[in-house]
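J.: build me a model:
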Amino acid sequence: MKQNIILDKNSIENLLSISESIHNISDIDILLDKILFELRKFTNAEGGTIFLFDDGVLKIRYIQNEILFKNNPAAKYKYLDKTIPINKESIAGSCALNSKIIMVKDVYNIKEDCNCGFNKSFDEMTGYRTKSVIAVPLKTTGNKLIGVIQLINARNKDGKIIPFTEKDKLYITYFANDAAIAIEKAQNTRSMILKMLKMVEYRDPKETGGHVNRMGTYAIEIYHEWAKQRGFPEELIRRFNDKLKIAAMLHDTGKIAISDEILKKPDKLTDDELKIMKMHTVYGYRLFKDADSEIENMAADIALNHHEKWDGSGYPGIIEDIEKISFIENKQGKKGTEIPLTARIVALADVYDALSSKRIYKEPWSEDKVLDYIKQNSGKHFDPEIVDCFFSIYDTIKEIKTKISE
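T.: Take a look at the predicted model:
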């Protein structure tokens, strides 16, 4: 006779708390990170993957593995967007095909009643050994399948790999319902932001979709390193990064208010035109300021200050009446820590991506030349601490650049 499994009070309270918190996360990538982190913590799983349904297949959208990525955090970006067919050849594919939970004790000894296979390519490619697996379909309130959560290698208190339990299954099932709704909402938010940024891209060919996506991802990785070096709690870093990812993507939104004569001019701008062009920082600030949203307030700070320089030679500087000006005078910019941390991070990310990317008006610089430029401008254009963080995670930066194309 099958035993009825009931969640204890602490598990239920934890479930309610986490479910509430995920609905307050705006960025899809930060949300998926949070979902995997919390489920792995509850089940003590080594790793996990979230696949999202896209054009008839499952696509790896987020992945965690504390064993595989422990000494190489950048490696997680290698697997993003890899696709899995929706069929019986894999556990995740079968889970999506039948919209049923699958639990396997040992993937190399799958029983026939599982009605699924195991794709060994990941293990063969990495040298990792997958053993226990649980896969749960993600379905919205309208019973629409949006993806699959898969956790691997549950461990006991001694670190030994064990099968996932019926309690794990019950907890993940409850959590998956809320997670699917939160994911769909975050997808809609990302879609809306990208459409807004697409309008800027139509106006300014320098602002590509790849650029803004890389900008947001560079920014949160640099901030994560900066905060980790200072001993910030992981949960606090995650919450901050949720806002920073979106705010960094919106850094140049103010360009939508610049005329085509200036924005699309193929030749060098005159001094007067440059003063007007610099106003995109102010227009971006005006767009987002005085909002109730923390993301918009952060976006306002970044938009206004991401062209300031550590040594005070940037712009727009301190402006007495920001509502009345119509062009930026050449004057002393903000310097040092007068510039918000978020803007100092975005300043470096923006320059790195601009110099290393091909544009209609230029070829990309070589990577060595870009890195030399950043080193030479540490303490001038860039905050030296941010430069140090950038080079500490340079392997991750390279993976992001490779993975997120134009």
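J.: C-alpha only now, for contacts and for neighbours.
T.: Noted.
J.: so where's the stretch 1-150 of the chain uncertain?
T.: 1-4, 113 (pLDDT under 70).
J.: all strands for it, in order.
T.: 45-54, 57-65, 83-85, 102-104, 133-139, 145-155 (DSSP state E, counting those that start in this stretch).
J.: could I get those as CSV with distance to Gly379?
T.: Formatted as CSV, the strands of the stretch 1-150 of the chain follow (distance: least, CA to CA, whole Å):
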stretch, distance to Gly379
strand 45-54, 40
strand 57-65, 35
strand 83-85, 43
strand 102-104, 54
strand 133-139, 48
strand 145-155, 44
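J.: tell me which of these is the most buried.
T.: strand 133-139 (a mean of 26; mean count of other CA atoms under 10 Å).
J.: partner strands of it, with direction?
T.: The strands beside strand 133-139 in its sheet (DSSP bridges) come out as strand 102-104 (antiparallel), strand 145-155 (antiparallel).
J.: want to try JSON lines for the ones you listed, with distance to Asp27 as columns?
T.: Output for those, formatted as JSON lines (distance: least, CA to CA, whole Å):
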{"stretch": "strand 102-104", "distance to Asp27": "28"}
{"stretch": "strand 145-155", "distance to Asp27": "17"}
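J.: residues near the nearest residue to Ile18 once chain neighbours are set aside, how many?
T.: Closest residue to Ile18 apart from its sequence neighbours, by CA to CA, 6 or more residues apart in numbering: Glu38 at 7.6 Å. Counted by other CA atoms under 10 Å, the residues lying close to Glu38 total 15.
J.: same question for Lys144.
T.: 11.
J.: ok, now which ones touch it?
T.: Contacts for Lys144 (CA atoms under 8 Å, 6 or more residues apart in numbering) come out as none.
J.: can you check the one 10 residues further on too?
T.: When contacts are counted by CA under 8 Å, 6+ apart, Ala154 touches Thr43, Asn44, Ala45, Glu46, Ser132, Val133, Ile161, Ile162, Pro163, Phe164.
J.: still on that earlier bit, could you report the distance from the residue nearest to Ile18 to Gly47?
T.: Distance, Glu38 to Gly47, by CA to CA, to the nearest Å: 11 Å.
J.: how about Gly216: what's its closest non-neighbour residue?
T.: Per CA to CA, 6+ apart, closest to Gly216 is Lys245, 4.5 Å.
J.: which one of the strands paired with strand 133-139 lies nearest to Gly284?
T.: Using CA to CA as the measure, strand 145-155 is the one of these that comes nearest Gly284, at 34.2 Å.
J.: centre of the chain to that closest one, how far?
T.: On the basis of CA atoms, centre = their mean, to the nearest Å, strand 145-155 sits 19 Å off its chain's mean C-alpha point.
J.: domain-wise, how is this protein divided?
T.: 9-187, 204-403 (automatic domain parsing).
J.: so can I have TSV of those showing distance to Ile193?
T.: As requested, those are exported to TSV (distance: least, CA to CA, whole Å):
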stretch	distance to Ile193
domain 9-187	10
domain 204-403	8
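J.: now for these, which one comes closest to Met196?
T.: Comparing these by CA to CA, domain 204-403 comes nearest, at 8.4 Å.
J.: burial count for Ser356?
T.: Neighbourhood size, Ser356 [other CA under 10 Å]: 18.
J.: hmm, it is touching Leu371, no?
T.: No: using CA atoms under 8 Å, Ser356 makes no contact with Leu371, being 9.5 Å away.
J.: picking that back up, for Ile91, see how far away the residue nearest to Ile18 is.
T.: 21 Å.
J.: buried ones in the longest helix anywhere in the chain?
T.: For the chain, the helix reaching the highest residue count under DSSP state H is reported as helix 166-203. Buried residues in helix 166-203, defined by neighbour count with 16 or more other CA atoms under 10 Å: 167-169, 171-173, 175-183, 185-187, 189-190, 194, 197-198, 200-201, 203.
J.: nearest spatial neighbour of Thr253, skipping sequence neighbours?
T.: Nearest one to Thr253, counting by CA to CA, 6+ apart, is Gly284 at 5.6 Å.
J.: alpha carbons only: can I get stretch 274-293 in PDB?
T.: Output of stretch 274-293 as PDB, limited to C-alpha atoms (Å, rounded to 0.1, in the frame of the first residue of the first chain):
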ATOM      1  CA  LEU A 274      28.000  66.400 -29.200                       C
ATOM      2  CA  LYS A 275      26.500  68.500 -26.400                       C
ATOM      3  CA  ILE A 276      23.000  67.500 -27.600                       C
ATOM      4  CA  MET A 277      24.100  63.800 -28.000                       C
ATOM      5  CA  LYS A 278      25.300  63.800 -24.400                       C
ATOM      6  CA  MET A 279      21.700  64.700 -23.400                       C
ATOM      7  CA  HIS A 280      20.700  61.000 -23.800                       C
ATOM      8  CA  THR A 281      21.900  60.500 -20.200                       C
ATOM      9  CA  VAL A 282      19.500  63.200 -18.900                       C
ATOM     10  CA  TYR A 283      16.600  62.000 -21.100                       C
ATOM     11  CA  GLY A 284      17.100  58.500 -19.700                       C
ATOM     12  CA  TYR A 285      17.100  59.900 -16.200                       C
ATOM     13  CA  ARG A 286      14.000  61.900 -16.800                       C
ATOM     14  CA  LEU A 287      12.200  58.800 -18.200                       C
ATOM     15  CA  PHE A 288      12.800  56.700 -15.000                       C
ATOM     16  CA  LYS A 289      13.100  59.200 -12.100                       C
ATOM     17  CA  ASP A 290      10.600  59.600  -9.300                       C
ATOM     18  CA  ALA A 291       9.200  56.100  -9.900                       C
ATOM     19  CA  ASP A 292       7.900  53.900  -7.100                       C
ATOM     20  CA  SER A 293       9.800  51.000  -8.600                       C
END
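J.: cheers, nothing more for now.
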